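Trainee: starting from these lines, generate the structure:
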Amino acid sequence: MGSTAHTSNVTELILTGLFQDPEVQRACFVVFLPVYLATVVGNGLIVLTVRVSKSLHSPMYFFLSYLSLVEISYSSTIVPKVITDLLTKIKTITLQGCITQIFFFHFFGVAEILLLTVMAYDRYVAICKPLHYTTIMSRSVCHSLVAGSWLGGLVHSMIQILITVRLPFCGPNVIDHYFCDLHPLFKIACTDTFVEGIIVLVNSLIAVVAFLLLISSYVVILVHLRNHSAEGRRKALSTCASHITVVILFFGPAIFLYLRPSSTFTEDKLVAVFYTVITPMLNPVIYTLRNAEVKNAMRRLWDKIVNSAVERQ
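Mentor: Prediction:
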């Protein structure tokens, strides 16, 4: 491979999109736009509520506000472009734009995985070591855990990008997907990407390790709860239930896609829709519906806004 091979002469890529039928695309537009707006508004409300409510200053809500922030960023990396593409016949993206999208998609994706793991650890400490909770989950520890989640996402993303930037693209420029991701991009590189594929797989093991930590923390919690009263068990499980739901919704599709050989199934695209478009919208719903504290705080915030608006008039 001489140096000439690495001068990629492909500067623009064409995305095949989710569906070919213009009618179906318009229908998707009608669905995706409100879903995206609901994602931004719903998660934004959680961030705002946690910031201004004095009753939501525990570590659990501190992490939840950052999770919501990640959800908005993660969704915004993919969905606005998808929505606008649904109205265009030929969907294009520059090679740099594609690599930028991959970077942020993986950065926010892994930051979310690590935050969910941190939240599981928080639940474990709260339920299994309640007397030491305030000392273990001190403010500085919480800040460090959030910073660590962002840092983990950054390192993971840098590795993915460093191996992608070096690939030569000289031939076909059509990506069979509705956004830029590593596997579809590797398919059109004009060199063998077996080694890169292995690196991506190994780099994605961070998700598996996080997932195993999550599962084991919940196993420990469940074992620990056997000694609690029925009421104590019910209360502890209700705070965990929403978190477990979010974890399953997020990890299920992601594990299905990344931890097996890549393929060209349409199902892959539909599974990806689930965790790029749908899940970020569901998180605020899941957390607020199951949580009286968040609901009450939101109600108080809303009353405050309404009252101040009335007073201004």
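Trainee: need the longest helix for the chain.
Mentor: Using DSSP state H to define each element, the chain has its longest helix at helix 95-128.
Trainee: how about the helix or strand following it, which residues are buried there?
Mentor: Per DSSP states H and E, the first helix or strand lying C-terminal to helix 95-128 is helix 133-136. The neighbour-count check on helix 133-136 (16 or more other Cβ atoms under 10 Å) flags Tyr133 as buried. Glycine gets a C-beta too; all of them are placed from N, C-alpha and C.
Trainee: stretch 127-143 now?
Mentor: Quick answer for stretch 127-143 (16+ other Cβ under 10 Å): Ile127, Cys128, Tyr133, Met137, Cys142.
Trainee: what do you get for stretch 48-56?
Mentor: Thr49, Val50, Ser53, Leu56.
Trainee: swap in stretch 80-89?
Mentor: Buried residues in stretch 80-89, counted by 16+ other Cβ under 10 Å: Lys81, Val82, Ile83, Asp85, Leu86.
Trainee: what's the span of that stretch from first residue to last?
Mentor: 16 Å (Cα to Cα, to the nearest Å).
Trainee: what are the contacting residues of that stretch?
Mentor: Here stretch 80-89 makes contact (Cβ atoms under 8 Å, 6 or more residues apart in numbering) with 15, 17-18, 22, 25-26, 28-29, 32-33, 36, 91, 93, 101, 178-179, 276-277.
Trainee: which strands or helices does the longest helix of the chain pack on?
Mentor: Other elements packing on helix 95-128 under the criterion 3 or more Cβ pairs under 8 Å, 6 or more residues apart in numbering; DSSP states H and E are strand 12-15, helix 59-85, helix 133-136, helix 139-165, helix 182-187, helix 205-225, helix 230-258.
Trainee: tell me what angle the helix or strand just after the last one forms with helix 230-258.
Mentor: Looking back up the chat, that one is helix 230-258. Counting by DSSP H and E, the next helix or strand C-terminal to helix 230-258 is helix 266-273. Helix 266-273 runs at 140 degrees relative to helix 230-258, counting by axes from the mean of the first three to the mean of the last three Cα atoms, to 10 degrees.
Trainee: in helix 266-273, what's buried?
Mentor: Buried, per 16+ other Cβ under 10 Å, within helix 266-273: Asp268, Lys269, Val271, Ala272, Val273.
Trainee: and that helix, what other elements does it pack with?
Mentor: helix 230-258.
Trainee: got the angle for the helix it packs on vs helix 205-225?
Mentor: Angle of helix 230-258 versus helix 205-225, following the same axes, to 10 degrees, is 160 degrees.
Trainee: what's near enough to touch Ser53?
Mentor: Taking Cβ under 8 Å, 6+ apart as the contact definition, Ser53 lies against Ala297, Arg300, Leu301.
Trainee: out of the contacts of stretch 80-89, which sit inside helices?
Mentor: Using DSSP H, the contacts of stretch 80-89 in helices are Pro22, Gln25, Arg26, Cys28, Phe29, Phe32, Leu33, Tyr36, Gln101.
Trainee: quick check on those residues: which are buried?
Mentor: By 16+ other Cβ under 10 Å, those give Gln25, Cys28, Phe32, Tyr36, Gln101 as buried.
Trainee: and those, which two are furthest apart?
Mentor: Farthest-apart pair in those is Gln25 and Gln101; separation 19.7 Å (Cβ to Cβ).
Trainee: so how far is Val82 from Ala292?
Mentor: Distance of Ala292 to Val82, computed by Cβ to Cβ, to the nearest Å: 35 Å.
Trainee: cool, thanks, signing off.
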